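J.: model the following, please.
(2 chains)
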Amino acid sequence: MSKLNAIARYELLMAWRRRSLPILWLLLLVGSIFFTTLVANSSRPTADADQADVVESTLAAADLPEWAQGIDMLVVEHTVGLFSVVITGMVFFMVGVTLLMGEVIPLDRQFKVRELLDTLPISRATYLVGKLLGAWIGVLLGILIGGALCVVAIRLILGIYDLRVFAVMWLVMLTPMALVAAALSVLAGSFFGSRRTAVLVGLLVLPFVMTLAMVAVPTLGGIGALIEPIYALVVQMEPSAATNTLIGQRIEDTLLVFAGVVLAAWTVVWGWMRVRSAR
Amino acid sequence: MIEIENLTKTYRGKVNALNGVDLAIGTGMFGLVGPNGAGKTTLMRILAGLLRASSGRVVVFGHDLSHYEERQSAKANLGYLPQDLGLYPNLNATEFLNYMAILKGMTDKRERGRQIDGLIENVRLTDVAKRRLKTYSGGMKRRIGIAQALLGDPKLLIVDEPTAGLDPEERVRFRNLLADMAADRTIILSTHIVEDISQSCNALAVLRGGRVVFHGTPGDLIERARGHVWALTMAARQRPDERLTVVSSLQMQTGTQYRVVGDAADSTDVVQVEPSLEDGYLWLMQGQAVVG
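T.: Presented below is the predicted three-dimensional model:
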């Protein structure tokens, strides 16, 4: 366990010092804040908005079903807008993760440390899991720190919003996607021996990761409904108890698929390392 | 004890790097010499568990290296310094050694810290221990490599060209450090610098073309050259017979004085001299070339 911990810890330290992590975290922050500004500008009422729009909006609120009564529609509007902020942040972050995390294993070869590591009493699995953990912790820290900064930035730029819904959307949409992207990038990179090739491989992995993300976004984005039913509207579903069950089930299925993808990739790489060491 | 029986390594393209090597290596310093491509590095990489043998058997302290688990157990008692050592540029010396120590299985933090500090002092890097490794010179990096190999007090130490890149003073220091450690462990030293072996090894093997062409003590190898080492002085622009191997040449006012290995008894102005290990090695290689 201490070996695994050491690999992950030092991987994190080295990623920080070679500036991969700060760049990654900055990408997430810049993407999110930039899009928050766009959302804020688009939702701000213009000076010449006529009285009719305001009346229509008030009537629409009055027509809301019973469960939605008492909900601050401005908060809902802002929070729904944050769905696209999270998606933008996620896209920026995943591009960064896929391109920057692939270097983790190739750098050991590029720095000529791999031969030394291979003479140490650590198993292939420990090495691989340690490297993955290091990358994952870096990604998770980015999500947490980026999230905390975004919470403040969004409040300043956009105004009031539902913090609980934003927080779960941020965590549930970003975390699994970023972890899968990091895992695929680290594992795909392990076939190669230099940072440059790892980035090129990241470019090949990126479309696959993005496809996964695009398929999963409509499911994961529904997480807000589990807090307030009205947020089922984010994923264009009718707010109801049945919808919530369905959303919960879909999220579970999506996470299982993600875990399967990571496990399959891990098995392939582990098997390849095993074959390679038998030469 | 390390036992190597009929060891063969064939790379892709049917390149025979090792061809039926038999060796038994006990406690103490063991030198491995031979020309480039002789198979020294391949042999050391097999002993370090980095390569698998094509055939034959290698047993390191009772662990048969043909099995993965046994290989892992053997690695727990191994210190290795590769010829082309790399370091993590963004770590400092203490961090790098701490990382390696944990991976070697040193779990006691206090003991680890004590040993790391001692080794850094031994290789004279205390003043720069907190500096990033990317700022180190080639010699300093080599010294860190030596320190990491000594971490965990390994029973088997494999060092490939350990003194390359070190200045003469450091070379002597490191040689003495190894010699001190050799009392209760096996140290396998591969080098092109025959002097390193003559000063510190109690046994050596000479490899050529993937085969062991000599296995014995430095004294045995020196004895082989006895009667075949000569000093001869020649006028400027004259060169010794092509059949003789020139060990050294010294420009003098009267001409050039050569130290040669070979059969020069029929030449004029020759004086037989006491052989050194280097002479023994060259005489052996000359004989092998004739046989070849």
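J.: state the distance from the residue of the stretch 101-250 of chain A found nearest chain B to B:Cys201.
T.: The stretch 101-250 of chain A approaches chain B most closely through A:Lys112 (2.6 Å), counting by C-beta to the nearest C-beta. Yep, even glycine has a C-beta here, placed from its N, CA and C like the rest. According to C-beta to C-beta, to the nearest Å, A:Lys112 and B:Cys201 sit 27 Å apart.
J.: between those two, which one's more packed in?
T.: In this view A:Lys112 and B:Cys201 are compared by other C-beta atoms under 10 Å in any protein chain shown, and B:Cys201 has more residues nearby, 26 against 13.
J.: wouldn't the more buried one be in contact with B:Met29 here?
T.: Yes: the criterion here is C-beta atoms under 8 Å, and B:Cys201 meets it with B:Met29 at 4.4 Å.
J.: in the stretch 51-200 of chain B, which spans are helices?
T.: For the stretch 51-200 of chain B, the helices defined by DSSP state H, counting those that start in this stretch cover B:68-75, B:93-103, B:109-122, B:138-150, B:168-181, B:194-200.
J.: may I see those helices organised as CSV, with mean neighbour count, distance to A:Thr175 and mean pLDDT added?
T.: Converted to CSV, the helices of the stretch 51-200 of chain B look like this (neighbours: other C-beta atoms under 10 Å in any protein chain shown; distance: least, C-beta to C-beta, whole Å; pLDDT from 0 to 100):
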stretch, mean neighbour count, distance to A:Thr175, mean pLDDT
helix B:68-75, 18, 34, 89
helix B:93-103, 23, 28, 96
helix B:109-122, 15, 32, 93
helix B:138-150, 21, 37, 89
helix B:168-181, 16, 50, 82
helix B:194-200, 20, 55, 82
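J.: export these as CSV, with columns for distance to chain A.
T.: Shown next, in CSV, are the helices of the stretch 51-200 of chain B (distance: least, C-beta to the nearest C-beta, whole Å):
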stretch, distance to chain A
helix B:68-75, 4
helix B:93-103, 4
helix B:109-122, 10
helix B:138-150, 7
helix B:168-181, 18
helix B:194-200, 22
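J.: relative to A:Leu13, which of these is closest?
T.: helix B:93-103 (7.4 Å; C-beta to C-beta).
J.: show me what the closest one is packed up against.
T.: helix A:2-17, helix B:109-122, helix B:138-150 (3 or more C-beta pairs under 8 Å, 6 or more residues apart in numbering or on different chains; DSSP states H and E).
J.: try it again at 10 Å.
T.: Judged by 3 or more C-beta pairs under 10 Å, 6 or more residues apart in numbering or on different chains; DSSP states H and E, helix B:93-103 is in contact with helix A:2-17, helix A:114-118, helix A:124-158, helix B:109-122, helix B:138-150.
J.: hmm, back to that, out of the helices of the stretch 51-200 of chain B, nearest to A:Ala225?
T.: helix B:93-103 (45.8 Å).
J.: contact partners for whichever residue of chain B sits closest to chain A?
T.: Of the residues in chain B, the one nearest chain A is B:Gly86, at a distance of 2.6 Å by C-beta to the nearest C-beta. Applying C-beta atoms under 10 Å, 6 or more residues apart in numbering or on different chains to B:Gly86 gives the contacts A:Asp108, A:Arg109, A:Gln110, A:Phe111, A:Lys112, A:Val113, A:Arg114, A:Glu115, A:Leu116, B:Leu133, B:Lys141, B:Gly145.
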